[in-house]
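**Student:** predicted coordinates and the sequence they were generated for:
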Amino acid sequence: MDYYLRLCYGKGLLPADSMVGEVTHNVTFTIVNPPSAPFRVVAWTANGTNVITSGGGEADDIGTGYVGRITLNSTTGSLELRNLVLSDTGEYVVNIFAVGQPNEGTATLRVYAPVSKMTITANNIDLVEFNSSVSLSCSSSGSSPSYRWLNGSSEFTASDGVQLDDGNSTLTIVRVTRYDQGPFWCIVSNPINNGPENITLKVTPLDVLYGSGSDLTLSCSAESSPPAQFRWALNGELLSNQGPVLRLENIQASQSGRYSCWAHNTRTLRYQTSEVLAIYIETCTYTKQSKHN
């Protein structure tokens, strides 16, 4: 995935936001409204060192580490940087020398490695209700990870009985009870995650109370690249059903409860859960009455 930067024509103008890139991927610094070509010299630097200097009647001077990784657009001054590495993070400055005064633009690029290889370990699995505490530690590879913890579809927050330490990578439950059985999920992300985000859960037909024997369709969607994979949960417990649509046919009272969907990005390995949708099934009982004349 390429990321594009808007650089304004004029000296000292900065982009509105930093650029974000992923290792092994490409970014393009795109200059908008460049001065009129031909340029006498175009010079790009990164953290004060030369990336490429082109023009002035000399052969292009390409900096160490950039040979074979860059392409300069000689008409606009835009620069493509390929096969990103973590050390490409930094401040990029372009100077375009054309007719008149030189033009300068500055951009900040931050390169991240994707989050992967998440594991959860527990310091204790032999627990006694009201007496034992347990700490769960989440670890992963990747750059600048952030952590969230879920118990079923509910997110943990720090409280009297819950501690979050080491940048939220460690969850401690003080004096466990039988209601702390899980399942526990550690959600790890960083700025290059491509979703899933903006997860939406809908039910058709929409009603407050459904009669037994009704047919319902639950659908789940999320913004994700690649497209998300979906799982379904009832009262926090994962069902065997997969896919963006859950069809409930001839539904019965035993299927009442709190439904949610889980979106999973197989590339970022990130999960996102929907809001809970409560579905209640009414059991209809009919009593036969005799008719008296």
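**Tutor:** Nice, thanks for sending it over.
**Student:** a helix runs through residue 254, doesn't it?
**Tutor:** Yes. Under DSSP: H, G, I helix; E, B strand; the rest coil, residue 254 falls within a helix.
**Student:** next one: it from residue 238, what distance?
**Tutor:** 18 Å (CB to CB, to the nearest Å). Placement of C-beta: from N, CA and C, glycine included.
**Student:** name the residue in these two with the higher neighbour count.
**Tutor:** Higher neighbour count among residue 254 and residue 238: residue 238, with 15 against 9, using other CB atoms under 10 Å.
**Student:** could you find the closest non-adjacent residue to the more buried one?
**Tutor:** Using CB to CB, 6 or more residues apart in numbering and skipping residues adjacent in sequence, the residue nearest residue 238 is residue 231, 5.7 Å away.
**Student:** now do the contacts for that neighbour.
**Tutor:** 238-239, 241-242, 261-262, 264 (CB atoms under 8 Å, 6 or more residues apart in numbering).
**Student:** so which of those residues wins on neighbours?
**Tutor:** residue 261 (30 neighbours).
**Student:** so it is in contact with residue 201, correct?
**Tutor:** Yes. Between residue 261 and residue 201 there is a contact at 5.4 Å, judged by CB atoms under 8 Å.
**Student:** need the residues touching each of those two.
**Tutor:** The contact lists of residue 261 and residue 201 share 218, 220, 274, where a contact means CB under 8 Å, 6+ apart.
**Student:** for stretch 216-233, buried residues please.
**Tutor:** 216, 218-222, 224, 228-233 (16 or more other CB atoms under 10 Å).
**Student:** list just the nearest of those to residue 76.
**Tutor:** Lowest distance from residue 76 to the buried residues of stretch 216-233 (CB to CB) belongs to residue 224, with 32.8 Å.
**Student:** can you show me the helices along this protein?
**Tutor:** Assigned by DSSP state H, the chain shows no helices.
**Student:** low pLDDT regions in it?
**Tutor:** 1-17, 32-33, 37, 100-101, 153, 193-194, 208, 267-269, 284-293 (pLDDT under 70).
**Student:** returning to what we had before: let's have the contacts of residue 231 in JSON lines, adding distance to residue 35.
**Tutor:** Formatted as JSON lines, those follow (distance: CB to CB, whole Å):
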{"residue": "238", "distance to residue 35": "58"}
{"residue": "239", "distance to residue 35": "61"}
{"residue": "241", "distance to residue 35": "59"}
{"residue": "242", "distance to residue 35": "55"}
{"residue": "261", "distance to residue 35": "52"}
{"residue": "262", "distance to residue 35": "52"}
{"residue": "264", "distance to residue 35": "48"}
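**Student:** these in strands, which ones?
**Tutor:** 238-239, 241-242, 261-262, 264 (DSSP state E).
**Student:** where do the domain boundaries of the chain fall?
**Tutor:** According to automatic domain parsing, the chain comprises the domains 4-112, 116-189, 197-282.
**Student:** list the residues that contact the residue lying closest to residue 163 once chain neighbours are set aside.
**Tutor:** Leaving aside its chain neighbours, residue 163 sits nearest to residue 172 (4.1 Å; criterion: CB to CB, 6+ apart). Neighbouring residues of residue 172 by CB under 8 Å, 6+ apart: 133-136, 162-165.
**Student:** just to revisit the earlier point, and which of the contacts of residue 231 is nearest residue 282?
**Tutor:** residue 239 (22.0 Å).
**Student:** what's around residue 140, how many residues?
**Tutor:** The number of residues packed near residue 140 is 18, by other CB under 10 Å.
**Student:** same thing with residue 68?
**Tutor:** 9.
**Student:** cool, and the one 4 residues further on?
**Tutor:** By other CB under 10 Å, the residues close to residue 72 number 20.
**Student:** so it makes contact with residue 55?
**Tutor:** No. At 9.9 Å, residue 72 does not count as touching residue 55 under the criterion of CB under 8 Å.
**Student:** what about residue 127, distance to residue 71?
**Tutor:** 59 Å.
**Student:** pick out whichever of these two has more residues nearby.
**Tutor:** Higher neighbour count among residue 127 and residue 71: residue 127, with 18 against 14, using other CB under 10 Å.
**Student:** which ones are touching that one?
**Tutor:** 134, 176.
**Student:** nearest residue to residue 148 other than its sequence neighbours?
**Tutor:** residue 187 is the one closest to residue 148 (CB to CB, 6+ apart), at 4.2 Å.
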